[in-house]
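S.K.: Give me a model of this one.
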Amino acid sequence: MNHRDSIKQRFGIIGNNELLNQAVDIAIQVAPTEVTVLIYGENGTGKDVFSKIIHQLSLRKHKTFIAINCGAIPEGTIDSELFGHEKGSFTSAYESRKGYFEEANGGTIFLDEIAEMPLATQSRLLRVLENGEFIRVGSSKIQKTDVRIVAATNKNLLEAIRENKFREDLYFRLNTVTIYVPPLRERKEDIEVLFRYFAVHFAEKYSKKPLRLNESTLSILQKYHWPGNIRELRNFVEKLTVLTQNDQLTENDLYTHMPMTEKTLPVLTALPVSFNPASKDHSSQLEIQVLLNALIDIKKEIQEVKKQIFELSNHSSNNHFVNGNRSMSYAEKEDESIQIPMLEESLSLEKKEKDMIIRALSKYKSNRKKAAAELGISERTLYRKIKQYDLEQL
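M.R.: Below is the predicted model:
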């Protein structure tokens, strides 16, 4: 086992994605130094784990490590929390209190959601970064601290700077070394091993058999957007462990418990308003939508081809028609309905679906497995459609 793998095992990092490994390598390299580190990553990706790697592999590992969520502390009290306060400095200040920068002297402070820090507090933090100085709230005495700062954000700090929500000078002081923690959708090859890990964990917790995936259920998980990243996957596996009866997961198990929404399901370009994730036949709904999208694309292509043919046939007259004393463009001509006859289009989705199935079966000489793959539907659904449209003879 190499050094990177031993670190991943020690800190519970699962997966072998290239971007993930790169993030681990940078954390290992930067840990023994004193440089400030800025960690980028979406919520639920595990940014806090990288701050722990940096602290535990540094010369400060025997000193205090404090993790602070800047977005969880009210603006009115964050200065007091970070830098301390003197007795009587505000209404509820009944006694003097040390702040985190005093408590963590000699150690490391992890500032998560740094973009949520108020501008006034950012100025105080900049002073700490520049010369290690700070002043308690309600005091005029300058104090010193020796703290290494690791910050993290899920926001675009450059955009925050443009919106005057983040100090540019603080950004450059924090941005000495950056670590990018990839979201789960960029680590699709790691989803299976993560699922297995959580499945075993929750099986032990709830005294059940570990959940198992097959090729189709794994494919569904890999196509899902995972906006909550690893945290969402972990919660999802726990929910399945508790609610499903069998250890072998089916597609229906996933469709029943996974939140299929327009923003989080990239398989389709859009879902119809009538899409109901609570209905029994989720597979059929998705497959029908795939067919519908394909038909829409075919219609657009036909229209484009007809337009090109029309323009070529009228190239000699610069694509204009004469109507009285005024010339008309192709677009105007279309409005007047005096163009070449349009192909009559059927409004029946069932007829179009039947035609597509016939074409696919003919193309693959009745090989239903290949036809189903061409149509983007399961063999089970294709068999049902063949029976529905009385196509058994094909």
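
S.K.: Which residue ranges of this structure form strands?
M.R.: 37-40, 65-69, 108-112, 133-135, 142-144, 148-153, 177-180, 321-323, 326-328 (DSSP state E).

S.K.: so where's the stretch 51-200 of the chain shaky on pLDDT?
M.R.: 88-89, 91-93 (pLDDT under 70).

S.K.: list the contacts for residue 28?
M.R.: Counting by CB atoms under 8 Å, 6 or more residues apart in numbering, residue 28 touches 3, 4, 7, 53, 57. All C-beta atoms are positioned from the backbone trio N, CA, C, and that covers glycine.

S.K.: now those in JSON lines, with distance to residue 63 and neighbour count?
M.R.: Listed next are the contacts of residue 28 as JSON lines, based on distance: CB to CB, whole Å; neighbours: other CB atoms under 10 Å:
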{"residue": "3", "distance to residue 63": "23", "neighbour count": "10"}
{"residue": "4", "distance to residue 63": "25", "neighbour count": "15"}
{"residue": "7", "distance to residue 63": "20", "neighbour count": "19"}
{"residue": "53", "distance to residue 63": "16", "neighbour count": "24"}
{"residue": "57", "distance to residue 63": "13", "neighbour count": "18"}
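
S.K.: State the number of residues packed around the nearest residue to residue 52 once chain neighbours are set aside.
M.R.: The spatially closest residue to residue 52, leaving aside those adjacent along the chain, is residue 11, at 6.3 Å (CB to CB, 6 or more residues apart in numbering). Residue 11: 16 surrounding residues under other CB atoms under 10 Å.

S.K.: can you check residue 144 too?
M.R.: Residue 144 has 12 nearby residues by other CB under 10 Å.

S.K.: which parts of stretch 218-228 are buried?
M.R.: 218, 220, 221, 222, 224, 225, 226, 227, 228 (16 or more other CB atoms under 10 Å).

S.K.: Tell me the one of these nearest residue 377?
M.R.: Distance to residue 377 across those (CB to CB) is lowest for residue 220, with 14.1 Å.

S.K.: can you pull the contacts of that closest one?
M.R.: 251, 254, 255, 258.

S.K.: do the same with residue 41
M.R.: With CB under 8 Å, 6+ apart, residue 41 has these contacts: 47, 152, 154, 180, 181, 182, 183.

S.K.: now these as TSV including distance to residue 377 and neighbour count?
M.R.: Formatted as TSV, those follow (distance: CB to CB, whole Å; neighbours: other CB under 10 Å):
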residue	distance to residue 377	neighbour count
47	40	24
152	43	26
154	37	20
180	38	16
181	37	25
182	32	20
183	29	19
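
S.K.: Out of those residues, which comes closest to residue 37?
M.R.: Relative to residue 37, and with distances defined as CB to CB, the nearest of the contacts of residue 41 is residue 152, at 8.9 Å.

S.K.: Was I right to think the closest one contacts residue 49?
M.R.: No - the criterion here is CB atoms under 8 Å, and residue 152 misses it with residue 49 at 10.6 Å.

S.K.: Looking at stretch 220-237 now, give me its mean pLDDT.
M.R.: The pLDDT scores in stretch 220-237 average 94.

S.K.: quick one: terminal-to-terminal distance for it?
M.R.: One end of stretch 220-237 sits 14 Å from the other (CA to CA, to the nearest Å).

S.K.: Over to stretch 168-187?
M.R.: End-to-end distance of stretch 168-187 (CA to CA): 32 Å.

S.K.: Just give the number of residues close to residue 195.
M.R.: Around residue 195 there are 23 residues (other CB under 10 Å).

S.K.: Revised request: answer the last question for residue 160.
M.R.: 18.
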